[in-house]
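> Build me a model:
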Amino acid sequence: MPEAKQTSGLKETLLSLFLLGVIVSIGMGIYFEQYRFYSALIEQMPRKIHEKQAAPKLTGTKDESIFSRLPLPEGVVFLSASEVFDASTLSDKINGKAELYLGAGFVCLETRRFCLKGGSDAWMEVFLYEMKDAQSAFAVYSLQKRSGAIPTDLGQRSYQTTNALFIVFGPYYMELVASAENTALQAALRTLGQALIAGFPVLGKPVAEPKLFPPEGLDPQSIMLIASDAFGFEKLNKVFTAGYRIDGMPLTAFVSRRSDPGEAHALAEAYRAFLLQFDAESLTVNVQPGEEIFAFSMMGQIEVVFSLGPYLAGVHQASDAKRALDLVKNLRDYLIKINET
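Numbering: from 1, shown residues only. Sure, this is the predicted structure:
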């Protein structure tokens, strides 16, 4: 009897972890309406920077504030002094969100308010986050994406809303938020954003992993990066996800580039074993010789995983097996092309 209780307790613990992963990703089903997925953090990776000149560091002192050293566009003036927050004080400024930034490789935040020359009633506040690397910056950028986002051409990735502008460039993530919704402030946000970006001599290379997804049916704005414990599985990290719509049905694909084919294959086997612990039902998949694709039905959802060269990939929580396997085929064919180049 004691052994039976221990086994039952272990299953309950594992099931709780899996359900936590399900809860975290439940928002995927409405990504087209909200342009975002579940919250996700990323694995910190080395920054690839053009080392022509050292990037500015956020200090916040009167003489060395990053905003004081960058050019301001005509018609925009300082309204307040800079404030700087490190890991120990970040929650003082963004209480409730600090842990998300800290887990994604946060280094420093500097903020300052600006206004249009001749009037301080309508103002703009800039939040400039320095992250550990370009992928960290991309993670918090995609994580914070608002509904109604309209893509812009600033930085490496950016979008705007009715009163704000959000930009990622190199290891920096910047939010520019206006105190009111009007045309003058919206234009000032853009010119201020352009001026601040121009003041940074060093930029990281754009995150390349989103190019791992086939373009047919893809929502480019939905791409996210999960640092660890993807889908409730502690061994699954560095996972990019992307939203698709196939025959009107939303689907989520995922890809993770591993160190070598052996690691990718072992991780696929480990994820398969993880799902089977929860009594997932194995589904028959028609495959070509040499292919190995695992498909499961669990809690009314379809899960598919496979490895191809250094890639681990699949479809997560689909509601239709046929469409899930169709997307897997497209994803696999696309990764074959990438792997051959």
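
> Stretch 164-171 - what's its average pLDDT?
Stretch 164-171 shows a mean pLDDT of 92.

> could you dump that stretch to CSV, C-alpha only?
Provided in CSV are the C-alpha atoms of stretch 164-171 (Å, rounded to 0.1, in the frame of the first residue of the first chain):
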residue,chain,number,x,y,z
ALA,A,164,2.5,54.0,-27.6
LEU,A,165,5.4,52.7,-29.6
PHE,A,166,7.4,49.5,-28.9
ILE,A,167,10.8,48.8,-30.4
VAL,A,168,13.4,46.1,-30.1
PHE,A,169,16.9,46.7,-31.5
GLY,A,170,20.0,44.7,-30.5
PRO,A,171,19.9,44.0,-26.8
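
> Now do that stretch: distance to the chain's middle.
13 Å (Cα atoms, centre = their mean, to the nearest Å).

> Next: stretch 91-103.
16 Å.

> got it, and stretch 123-143?
The answer for stretch 123-143 is 11 Å, by Cα atoms, centre = their mean.

> low pLDDT regions in the stretch 151-300 of the chain?
Applying pLDDT under 70 to the stretch 151-300 of the chain flags residues 201-210.

> ah, wrong one, I meant the stretch 1-150 of the chain
1-64.

> residue boundaries of the strands in it?
Remark: strands assigned in the stretch 1-150 of the chain by DSSP state E, counting those that start in this stretch are 76-78, 83-85, 106-116, 123-131, 150-151.

> tell me the most buried of those strands?
Neighbour counts (mean count of other Cβ atoms under 10 Å) averaged over each of the strands of the stretch 1-150 of the chain peak at strand 123-131, with a mean of 22. Where C-beta positions appear, they are placed from N, C-alpha and C, glycine not excepted.

> who are the neighbours of that strand, in terms of helices and strands?
Contact analysis of strand 123-131 by 3 or more Cβ pairs under 8 Å, 6 or more residues apart in numbering; DSSP states H and E lists helix 66-69, strand 106-116, helix 134-143, strand 172-178, helix 183-198 as its packing neighbours.

> Now find how far off-centre stretch 211-227 is within its chain.
Between the centre of stretch 211-227 and the centre of its host chain there is 10 Å, according to Cα atoms, centre = their mean.

> what comes up buried for it?
For stretch 211-227, burial by neighbour count (16 or more other Cβ atoms under 10 Å) applies to Leu212, Phe213, Pro214, Gly217, Leu218, Gln221, Ser222, Ile223, Met224, Leu225, Ile226, Ala227.

> List the contacts of the first one.
If you count contacts by Cβ atoms under 8 Å, 6 or more residues apart in numbering, Leu212 has them with Phe240, Val255, Arg257, Tyr311, Tyr334, Leu335, Ile338.

> if we go to 10 Å?
Contact partners of Leu212, counting by Cβ atoms under 10 Å, 6 or more residues apart in numbering, are 223, 240, 242, 253-257, 311, 313, 331, 334-335, 338.

> could I get the strands of the stretch 1-150 of the chain as JSON lines with distance to Glu181?
JSON lines is the format used below for the strands of the stretch 1-150 of the chain (distance: least, Cβ to Cβ, whole Å):
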{"stretch": "strand 76-78", "distance to Glu181": "18"}
{"stretch": "strand 83-85", "distance to Glu181": "25"}
{"stretch": "strand 106-116", "distance to Glu181": "15"}
{"stretch": "strand 123-131", "distance to Glu181": "12"}
{"stretch": "strand 150-151", "distance to Glu181": "14"}
